[in-house]
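Novice: Sequence and predicted structure, then a few things I'm wondering about:
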Amino acid sequence: MPQREGPVIGLDPTSGPLKEPTGRAVQRTAPTLDGAVIGLVANGLGQSEAVMQAIFGELSASFEVAGAVPVRKHSVSIPPEPADWNRLTSEVTVAITGFGG
């Protein structure tokens, strides 16, 4: 099993902790990417695809990830194509987006 050097910090853009139906805060567990499928969304500029692959390489060296779903957007100013968006929302556990320049 790969060794981790420190905790994984995840940013949660929601307005607070998740609540159970009773209103009590859901107990958080230690973050892990073990078993995750990671979406890699590159905007196609510069080396954004290579950077996404390098990030995936680092993550897969530290966690037992299940795989990756790479997506290359056709432009920096538009969302992924509908088919790519469908793959991201139906196949991945977490997604990373990168901007090249």
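Specialist: Sure, I can see it.
Novice: Quick one: residues in contact with stretch 64-83.
Specialist: When contacts are taken as CB atoms under 8 Å, 6 or more residues apart in numbering, the neighbours of stretch 64-83 outside the stretch itself are 1-2, 33-45, 49, 52-53, 56, 59, 84-85, 87-88, 91-93, 99. In this view, the C-beta of every residue, glycine as well, is placed from N, C-alpha and C.
Novice: If you count neighbours, what's buried in it?
Specialist: For stretch 64-83, a neighbour-count test (16 or more other CB atoms under 10 Å) marks 65, 68-69, 71, 73, 80 as buried.
Novice: can you name the two of these that are farthest apart?
Specialist: With distances taken as CB to CB, the most widely separated pair in those is Val65 and Lys73, at 22.1 Å.
Novice: okay if I get the buried residues of stretch 64-83 as JSON lines plus distance to Ala25, secondary structure and pLDDT?
Specialist: Converted to JSON lines, the buried residues of stretch 64-83 look like this (distance: CB to CB, whole Å; DSSP: H, G, I helix; E, B strand; the rest coil; pLDDT from 0 to 100):
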{"residue": "Val65", "distance to Ala25": "28", "secondary structure": "coil", "pLDDT": "96"}
{"residue": "Ala68", "distance to Ala25": "32", "secondary structure": "strand", "pLDDT": "97"}
{"residue": "Val69", "distance to Ala25": "31", "secondary structure": "strand", "pLDDT": "97"}
{"residue": "Val71", "distance to Ala25": "34", "secondary structure": "strand", "pLDDT": "95"}
{"residue": "Lys73", "distance to Ala25": "36", "secondary structure": "coil", "pLDDT": "91"}
{"residue": "Pro80", "distance to Ala25": "33", "secondary structure": "coil", "pLDDT": "91"}
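Novice: Next, format the residues you listed as JSON lines and append distance to Pro21.
Specialist: Compiled in JSON lines, the buried residues of stretch 64-83 are given as follows (distance: CB to CB, whole Å):
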{"residue": "Val65", "distance to Pro21": "32"}
{"residue": "Ala68", "distance to Pro21": "35"}
{"residue": "Val69", "distance to Pro21": "32"}
{"residue": "Val71", "distance to Pro21": "35"}
{"residue": "Lys73", "distance to Pro21": "38"}
{"residue": "Pro80", "distance to Pro21": "34"}
